[in-house]
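Enquirer: turn this into a structure:
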Amino acid sequence: MTSWPSSGPAGVWVTSDLGAGYGSVAVAGDRVFVQGMVGEESAVSSLDLDDGALVWRQSLSPGGYSSYGSGPRGTPTVDGDRLYVLTEIGELACLRVQDGSVVWQRDILGDFDGRNPNWLMSESPLVDGDLVIVTPGGRDAGMVALDKMSGETVWVSAELGDRPGYASPVVADVDGVRTVMTLTDEAGVGVRTSDGLLMWRYERVANGTANIATPVFHDNKVFYTSAYGRGGALLGLTVENGVVRTKELYFTRNLQNHHGGVVLIDGYLYGFNESILTCIEFSTGEVMWRDRSVGKGAVTYADGHLYVLSENNVMGLVEASPVEYVEKGRFQTPDQSWPSWAHPVVSGGRLYVRSQEVLAVYDLTPP
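Expert: Just a heads-up that it's a prediction; the model follows:
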């Protein structure tokens, strides 16, 4: 769909049987997976793709509370027939996709002397090869890797002692060195996946309040961004004797992303600079355009378009072009009286929008 009527695309189904939470959804096969606080428990639910009916639900830990609402903040990670889930109080679980039964479970805060951030753990587990990687933020175990099949500890990043941020890690090969990158409470970091060695720690991009956006890696470069008076930075990455080294290529105040992340499309970054949707050139940081759009929110890309969801529950469709801002439509999504911070998901011709206890699904196929 390349444009929307004022009422938005046609609805497919809506469910309010999720429990409270800020995390997004994972879509795999004929299922949709989402976390929520159901009663007093932090749980993960499996929904039928066709009608949203509950297939199974598994409680994992007591629910967590903060000044910005209760419930989980992360998104489940699907890997084959297994599902990896991290709750807001640090319970990491591996479940069977088919029925939700628990294969193994670890308390990463208790096991690694971790520290829960002010607004609770928010990352989504990273599965890479045989490993599942998370950041408990222990003083001698800032990041850890577990065997994804058994849950046994493979390594801890002892040199990384930062408290956790709210970002989810990404992984990439840098000239043959497999590297995990994330944004902690104190710095943008890079860790070697073979043994957990901390290879870099870049503090300039981190603020003292909330570091949230997942890093963007491309062409042996990584981009970090945060708000609260900071900005964005592009680091060039090179390898020396099996260790990745960094060099700041530029720092910009023109992309201070709060919580909605940034996406890289054909050499250009798109994301909110505080409340202004902004396009900058990845390699130089040059600003191509800025627009108030739907207001501060989250950005997802699919089929040549940006799907932008404001924290005030307005969904917009924007051309992913560096030439100018072109909006193709917007509509109001369900309002649950809390900010809408879950990233929109586009999969299989459908748009998934989660707002607290409500998940609304829309049809994106042309009429």
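Enquirer: phi, psi of D363?
Expert: D363 adopts backbone torsions of phi -90, psi 120, taken as degrees, to the nearest 10.
Enquirer: also A213?
Expert: Dihedral angles (degrees, to the nearest 10) for A213: phi -70, psi 130.
Enquirer: so it is in contact with Y224, correct?
Expert: Yes - with contacts counted by CB atoms under 8 Å, A213 reaches Y224, the gap being 7.5 Å. No exception for glycine: its C-beta is placed from N, CA and C like everyone else's.
Enquirer: shared neighbours, these two?
Expert: With contacts taken as CB atoms under 8 Å, 6 or more residues apart in numbering, A213 and Y224 have L183 as neighbours in common.
Enquirer: all strands for the stretch 1-150 of the chain, in order.
Expert: For the stretch 1-150 of the chain, the strands defined by DSSP state E, counting those that start in this stretch occupy 11-15, 26-28, 31-38, 41-48, 54-62, 65-66, 69-70, 77-79, 82-86, 91-96, 102-107, 126-128, 131-134, 144-147.
Enquirer: which one of those strands lies closest to G348?
Expert: strand 26-28 (6.9 Å; CB to CB).
Enquirer: what mean pLDDT does the closest one have?
Expert: Strand 26-28 shows an average pLDDT of 98 in the prediction.
Enquirer: elements contacting that strand?
Expert: strand 31-38, strand 77-79, strand 345-347 (3 or more CB pairs under 8 Å, 6 or more residues apart in numbering; DSSP states H and E).
Enquirer: paired strands for that strand, with orientation please.
Expert: Strand pairing for strand 26-28, determined by DSSP bridges: strand 31-38 (antiparallel).
Enquirer: report the angle between the strand it pairs with and strand 41-48.
Expert: Per axes from the mean of the first three to the mean of the last three CA atoms, to 10 degrees, the angle that strand 31-38 makes with strand 41-48 is 150 degrees.
Enquirer: ok and strand 31-38 relative to strand 54-62, angle-wise?
Expert: Using the same axes, to 10 degrees, strand 31-38 lies at 40 degrees relative to strand 54-62.
Enquirer: D48 reaches G29, doesn't it?
Expert: No - applying CB under 8 Å as the test, D48 and G29 come out as separate, 10.8 Å apart.
Enquirer: mean neighbour count, the helices and strands packed on strand 26-28: which tops it?
Expert: strand 31-38 (a mean of 24; mean count of other CB atoms under 10 Å).
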